[in-house]
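Enquirer: got a structure for you, letters missing:
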């Protein structure tokens, strides 16, 4: 899951985690670092994460310059966008997206 800041990625991940799914938010922690002014994923760390065996779906979130290099390893890429008034509509948008 990717999208601009404020689009609801973290909120969606929290809801998916609440429902029992495995989630990783790569916008925080040591998943990325800065290269030439851009945030990029740590390729070794991401390769290890994506190669790991799991019995369940992994929901991954983040927005970095090199994320396209991993797209062929994802089952789907979801781009979240935000309305102009993000604060008022964020929770409703995420709830609809997660529940279908």
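Expert: It's in. As the structure is a computational prediction, the values presented were derived from the model and not from experiment.

Enquirer: For the residue nearest the centre of the chain, give me its contacts.
Expert: The residue lying closest to the centre of the chain (C-alpha atoms, centre = their mean) is residue 61, at 0.9 Å. By C-beta atoms under 8 Å, 6 or more residues apart in numbering, residue 61 lies in contact with 1, 2, 9, 10, 12, 13, 23, 24, 25, 26, 27. In short, each C-beta sits where N, CA and C put it, glycine included.

Enquirer: Out of these, name the ones that lie in strands.
Expert: 2, 23, 24, 25 (DSSP state E).

Enquirer: Who's the closest spatial neighbour of the first one, skipping the chain neighbours?
Expert: It refers to residue 2. Distances taken as C-beta to C-beta, 6 or more residues apart in numbering put residue 63 closest to residue 2, at 5.0 Å, once the chain neighbours are dropped.

Enquirer: my guess is that neighbour meets residue 10, correct?
Expert: No: here residue 63 does not reach residue 10: they are 11.1 Å apart, not a contact under C-beta atoms under 8 Å.

Enquirer: okay, and the common contacts of these two?
Expert: Contact criterion C-beta under 8 Å, 6+ apart; residues shared by residue 63 and residue 10: residue 27.

Enquirer: how about this structure, which residue sits the furthest from its center?
Expert: For the chain, the residue at maximal distance from the C-alpha centroid (C-alpha atoms, centre = their mean) is residue 36, at 22.3 Å.

Enquirer: What distance do you get for the closest residue to residue 22 other than its chain neighbours to residue 65?
Expert: Nearest residue to residue 22, sequence neighbours excluded (C-beta to C-beta, 6+ apart): residue 58, at 5.0 Å. Distance from residue 58 to residue 65, counting by C-beta to C-beta, to the nearest Å: 22 Å.

Enquirer: cool, and residue 27?
Expert: Applying C-beta to C-beta to residue 27 and residue 65 gives a distance of 13 Å.

Enquirer: Many thanks, we can stop here.
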